[in-house]
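Novice: Build me a structure from this.
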Amino acid sequence: MFDLDLFVQGLSIAMTLQNLVFMAIGSLLGIIFSAIPGLTFSTALILLLPLTFGLQPVAAISVLLGVFAGGMTGGSISATLLGIPGNPSAAATVIDGYMLTKKGQGGKALGMSIYSSVFGGIVSLLVLIAVAPLIAKVALKFGPAELFALVLFGLSTIVGLTEGSVIKGLIAGMIGLLISTVGMDPVMGLPRYTFGYAPLMSGIGIMPVMIGAFALPEIINTFLSAKKNKGINNKKEIMKVKASFPTLKEQKETFWLNMKSSLLGTLVGAVPGAGGPIAAFLAYNMAKRNNPKCGTGEIDGVAAPEASNNGVTGGAMITLLTLGIPADSAAAIILGGFLIHGIVPGPLLFKDNGPMVYAIFISMLIINLMVLVLQFGGMKLFIKVLDVPKLNLMTFILAVTIVGSFAMNLSFTDVLIMFVIGVISWFMKRYGFAVIPLILGLVLGGSIEDNFRKAMVLSDGSLSIFVSSPVSLVFILLALLVLLGPTLKPMVTRVFKANA
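Specialist: Below you'll find the predicted structure:
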C-alpha cells in the first residue's frame, strides 16, 4: 500500500547530494564493468562493498543498486558491438544485436537495448512498490517457527544456484553454514571453532568472505593465464557507432513486447536461483514466437531480453527486502551491504524503517534514469574501456580487494580470511563447486540458528512446533520439494514414459 507520508520522508532522504553522487558512481561503474567481457558487475559490487562502510545506509545501498542496474544494462554494449556478452544476462542480446551491428545498424541496436533496459527496470520497480508492502505485511505475522521454515526454504534454493552437481552445491552451502558458526555462541556465550585464535572470537565477517569468494578466483585465473586482452580488432569502425534513441514509432511497436518481457523478468527475478540469463532467454523465445525473423537481426530480439533481464532487478529486490532472501549472487552481495550497516531486510524493515524503504524505491527510479543518460552520453567512453588490457585491470582490483578487506575492521585477519577463502573458492570453481551456495549459507546461517533456538525455547524442546503451524509446514514441504526435485524428476519422467 502506497503511503504518502513515507514517500515524502523517503524523498527527502534520497534526494541529497551525497546520495545522487553515489548513485551516479555506482551506475557508471556497473556499466563499465559489464561492458568488459570477462568482468562482471558482481566484481564491481564486491569492490565497492567495503568502501560503503563510512557512508550513510541509504547512500551505501544506492551505490550498490546503481551497480546492479547499470551492470544489467552495460553487458549489452560488448554483446551488440563485439558479439561477446559482457555478462551472462546479455547472452541472448548477442543473437540479434550483433547481427544488426554487422548490418550497419549497431547504433539502432544499442539505442533499443538501453531504452528497453530502463523500461524493464522501471516496470519492475513499480511492481516492487505495489507488491512488497503487502508481502511484508503478511510476513509480519510470522513467529520463530515460520521464520525458521522460511529461511530453510531460502537455503533450499541452493539447488537452483548450483552450476552443476546438486550434491556439490549442498556441500558448498554446508561450508557456508559452518563458517557462520565461528565465533561466540549467541546463547551460551562460549567460543566455537576459534582454535584459540582471539581475532576469530568475533566471528568471520561477511565482507572478507564475499571479496575472497567472488573477486580472487577471477584474479587468480587471469594471472595464471597471463594473457593480455588484445582489445577490439575493428576499433575504428566501432568507434563510429553512436547509440540512437528509438523513434516514437519503434517505441509503440515494441511497447507490449517490452511490457510482457519486463513482467516476465520481474517474476523470474523474484524466484531464488533463476536470475537474468534465464529471464533473458525466456523473453527472447517469447519474442521469437511473435516474430519468427528474430535471429536474423531484428530489433525485437534486442528489446525483449534487455527488458527482461533488467526486470530481474526489481524482482530480486522483492524477495530480498520483504523476506531477506537473496535471489542471485548480486542480491546476496547487496544483502551483505544491508547487514554491514546493521539493517536486516525482512518484514520488520517495512514496519520500523518505512522512510528508508521508500528512499530505496525512489533511489532505484533515479538510478534507472541515470543509467539512461549515462549510457547515451558516455558511449564513446564505454567503447574505449573495451580496449583496456584485462591483466592491468586485475592488478588494480587485487590491490583494491586487499585494502577493502582491511579497511572495515582495520584487521589483517580479515585480509588473511579473504585470501584463504579466495584460494578455497578457486579450487571449488575448478572442481565444479558453486561459490554462491557458500555465501548463501554464511548469510542465512545466523538467522536460521537464531530462529530455530527461539522456536525450541517456545515449544519446550518439541520439534512439533515446526509442523503445527500451517505456514511453517508449507515452507518446509516446499524446501523438501526443491531439495528432492532433481532426484524425483527422473523417476517421475520414467513413470510417465512407462504409462504412455
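Novice: Can you show me the strands along the stretch 201-350 of the chain?
Specialist: Counting by DSSP state E, counting those that start in this stretch, the stretch 201-350 of the chain has no strands at all.
Novice: Revised request: answer the last question for the stretch 51-200 of the chain.
Specialist: 183-184, 191-192.
Novice: Show me what the last one is packed against.
Specialist: I take that to be strand 191-192. Judged by 3 or more Cβ pairs under 8 Å, 6 or more residues apart in numbering; DSSP states H and E, strand 191-192 is in contact with strand 183-184. Bear in mind the C-beta positions are built from the backbone N, C-alpha and C, glycine included.
Novice: what does the strand it packs on contact?
Specialist: Strand 183-184 has contacts (Cβ atoms under 8 Å, 6 or more residues apart in numbering) with L190, P191, R192, Y193, T194, L200, M201, S202, G203, I204.
Novice: what lines up beside it in the sheet?
Specialist: strand 191-192 (antiparallel) (DSSP bridges).
Novice: Of the strands of the stretch 51-200 of the chain, flag the one that's most buried.
Specialist: strand 183-184 (a mean of 16; mean count of other Cβ atoms under 10 Å).
Novice: ok, back up a step: and the contacts of strand 183-184, which two are furthest apart?
Specialist: The largest separation in the contacts of strand 183-184, counting by Cβ to Cβ, is between L190 and I204 at 16.8 Å.
Novice: picking that back up, can you put the strands of the stretch 51-200 of the chain in CSV and add distance to A136 and mean pLDDT?
Specialist: Formatted as CSV, the strands of the stretch 51-200 of the chain follow (distance: least, Cβ to Cβ, whole Å; pLDDT from 0 to 100):
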stretch, distance to A136, mean pLDDT
strand 183-184, 30, 86
strand 191-192, 33, 88
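Novice: Could you save those as TSV and add columns showing distance to G446?
Specialist: Formatted as TSV, the strands of the stretch 51-200 of the chain follow (distance: least, Cβ to Cβ, whole Å):
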stretch	distance to G446
strand 183-184	10
strand 191-192	12
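Novice: who's in contact with S42?
Specialist: Contacts of S42 (Cβ under 8 Å, 6+ apart): G71, F214, S329, A330, I333.
Novice: Which strand or helix spans the residue nearest to A24 when sequence neighbours are not counted?
Specialist: Nearest-residue entry for A24: M370, 5.6 Å, with adjacent residues in sequence omitted and distances by Cβ to Cβ, 6 or more residues apart in numbering. M370 is part of helix 354-377 when elements are defined by DSSP states H and E.
Novice: If you count contacts, what does that helix end up packed against?
Specialist: Applying 3+ Cβ pairs under 8 Å, 6+ apart, we find helix 354-377 packed against helix 4-14, helix 17-35, helix 57-81, helix 106-139, helix 300-323, helix 347-352.
Novice: got the residue ranges for the helices in the stretch 201-350 of the chain?
Specialist: Using DSSP state H, counting those that start in this stretch, the helices of the stretch 201-350 of the chain run over residues 206-214, 216-225, 235-239, 248-269, 276-290, 300-323, 329-340, 347-352.
Novice: which stretch in those helices is the model least sure about?
Specialist: Set side by side, those give their lowest mean pLDDT on helix 235-239, at a mean of 54.
Novice: pLDDT weak spots in the stretch 51-200 of the chain?
Specialist: Across the stretch 51-200 of the chain, the ranges flagged by pLDDT under 70 are 84, 157-164.
Novice: and the residue positioned nearest the centre of the chain, what does it touch?
Specialist: By Cα atoms, centre = their mean, the chain has its centre lying nearest to A330, at 2.1 Å. Contacts for A330 were tallied using Cβ under 8 Å, 6+ apart; they are F41, S42, L45, F68, G71, A316.
Novice: Pull the number of nearby residues for L11.
Specialist: 14 (other Cβ atoms under 10 Å).
Novice: can you tell me which residues contact T401?
Specialist: So T401 contacts I46, L47, I211, G212, A215, L216, I219, M418 (Cβ under 8 Å, 6+ apart).
Novice: who wins for most neighbours among the residues you listed?
Specialist: Within the contacts of T401, I211 tops the neighbour count with 30 neighbours, counted by other Cβ under 10 Å.
Novice: if you skip the residues just before and after it, what's nearest to L200?
Specialist: Looking at L200 with Cβ to Cβ, 6+ apart, the closest residue is T194, at 4.2 Å.
Novice: Tell me who's in contact with the one you found.
Specialist: V182, G183, L200, M201.
Novice: One more: F68?
Specialist: G30, F41, L45, T313, A330, I334.
Novice: Could you rerun that using 7 Å?
Specialist: By Cβ atoms under 7 Å, 6 or more residues apart in numbering, the contact set of F68 is G30, F41, T313, A330, I334.
Novice: Surely the first one touches L65?
Specialist: The one in question is G30. No - counting by Cβ atoms under 7 Å, G30 stays clear of L65, with 9.2 Å between them.
Novice: what's the neighbour count on the closest residue to L282 other than its chain neighbours?
Specialist: Spatial nearest neighbour of L282, excluding adjacent residues (Cβ to Cβ, 6+ apart): L264 at 6.0 Å. Residues lying near L264 (other Cβ under 10 Å) number 22.
Novice: now L264: how far from T254?
Specialist: In this structure, L264 and T254 are 15 Å apart, going by Cβ to Cβ, to the nearest Å.
Novice: Specify which member of the contacts of T194 is nearest to P347.
Specialist: G183 (26.7 Å).
Novice: Show me what that closest one is bridged to.
Specialist: R192.
Novice: how far out from the middle of the chain is stretch 409-429?
Specialist: 21 Å (Cα atoms, centre = their mean, to the nearest Å).
Novice: can you list contacts of that stretch?
Specialist: Under Cβ under 7 Å, 6+ apart, the answer for stretch 409-429 is 172, 199, 204-205, 208-209, 211-213, 216-217, 220, 401-402, 405-406, 408, 435.
Novice: and with 6 Å instead?
Specialist: 199, 204, 208-209, 211-213, 216-217, 220, 402, 405-406, 435 (Cβ atoms under 6 Å, 6 or more residues apart in numbering).
Novice: These into a markdown table, with extra columns for distance to I343?
Specialist: As requested, the contacts of stretch 409-429 are exported to a markdown table (distance: Cβ to Cβ, whole Å):
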| residue | distance to I343 |
| --- | --- |
| P199 | 25 |
| I204 | 20 |
| P208 | 20 |
| V209 | 19 |
| I211 | 20 |
| G212 | 23 |
| A213 | 22 |
| L216 | 27 |
| P217 | 28 |
| I220 | 32 |
| I402 | 27 |
| S405 | 21 |
| F406 | 23 |
| V435 | 24 |
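Novice: returning to that earlier point: next, give me the two most distant ones among the contacts of S42.
Specialist: Of all the pairs that the contacts of S42 form, the one spanning the most space (Cβ to Cβ) is G71 and F214, at 13.1 Å.
Novice: In terms of neighbours, single out the busier of the two.
Specialist: The residue with more neighbours, out of G71 and F214, is G71; 33 against 26, by other Cβ under 10 Å.
Novice: In contact with that one, which residues?
Specialist: Going by Cβ under 6 Å, 6+ apart, G71 touches G30, S34, F41.
Novice: Report the separation between it and L65.
Specialist: 10 Å.
Novice: do the same with L438
Specialist: 24 Å.
Novice: what's the answer for L381, then?
Specialist: Counting by Cβ to Cβ - L381 and L65 are separated by 22 Å.
Novice: Top of the contacts of G71 by number of neighbours, please.
Specialist: G30 (33 neighbours).
Novice: Okay then, goodbye and thanks.
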